[in-house]
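**Student:** I'll drop the sequence and a predicted model, then ask my questions.
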Amino acid sequence: MYCQVPDEIRKEGNEELEGGYIILEMFSDGHKHSGSYFGPKCDDLLVSVQELKNEFKDLNILYLEEKEIELDEGYHQGKGVVARIIAKRTSNQNE
């Protein structure tokens with residue numbers, strides 16, 4: 001499921017995470033140059049790998065990448081560029 005939210009809302013929500021894993025895939029800032037007709041075009045709804053790295057710097061980042069993918073989801077068909085992260089917060093990271 002894609003759910004684009006402005007930077008401020010995303011960052012506030014991510015700060016509230018208390019424990020467990022975060023698995024996130026968002027259109028990256030590279031998407032606006034992909035030639036795709038779908039997905040957000042506004043910079044505030046796109047994210048860079050470096051932004052994710054900074055946002056989750058207090059977590060154990062297990063996987064982080066930017067990747068060009070081929071989407072085939074109804075009206076979302078074609079190339080897209082996404083940023084992906086899997087990170088884990090252990091119980092003692094907030095203490």
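**Tutor:** Yep, that arrived.
**Student:** which strand or helix spans the residue most central in space within the chain?
**Tutor:** The residue lying closest to the centre of the chain (Cα atoms, centre = their mean) is Met26, at 3.6 Å. Per DSSP states H and E: Met26 is located in strand 20-27.
**Student:** strand partners of that strand, parallel vs antiparallel please.
**Tutor:** Its sheet considered, strand 20-27 pairs with strand 76-89 (antiparallel) by DSSP bridges.
**Student:** which residues does the residue nearest to the centre of the chain contact?
**Tutor:** Contacts for Met26 were tallied using Cβ atoms under 8 Å, 6 or more residues apart in numbering; they are 2, 4, 46-47, 82-83. Backbone N, C-alpha and C define where each C-beta goes, glycine included.
**Student:** what's the spacing between it and Asn60?
**Tutor:** Distance of Met26 to Asn60, computed by Cβ to Cβ, to the nearest Å: 20 Å.
**Student:** same thing with Lys32?
**Tutor:** Using Cβ to Cβ, Lys32 is found at 30 Å from Asn60.
**Student:** just Leu45 next, same as before
**Tutor:** Per Cβ to Cβ, Leu45 is found 27 Å from Asn60.
**Student:** show me where pLDDT drops low in this protein?
**Tutor:** Judged by pLDDT under 70, the chain has its weakly predicted residues at 1-3, 17, 91-95.
**Student:** mind listing what the residue nearest to His33 when sequence neighbours are not counted touches?
**Tutor:** Nearest residue to His33, sequence neighbours excluded (Cβ to Cβ, 6 or more residues apart in numbering): Val81, at 7.7 Å. The contact partners of Val81, taken as Cβ under 8 Å, 6+ apart, are 27-28, 30-31, 33-34, 66-69.
**Student:** that older thread, how close does the residue nearest to the centre of the chain get to Pro40?
**Tutor:** To Pro40, Met26 is 9 Å away according to Cβ to Cβ.
**Student:** between those two, which contacts overlap?
**Tutor:** Taking Cβ under 8 Å, 6+ apart as the criterion, Met26 and Pro40 both touch 4, 46.
**Student:** which residues does the closest residue to Tyr37 other than its chain neighbours bridge with?
**Tutor:** Counting by Cβ to Cβ, 6+ apart, Tyr37 lies nearest to Gly78, which is 7.3 Å off, once chain neighbours are set aside. Here Gly78 shows beta-bridge partners Leu71, assigned using DSSP bridges.
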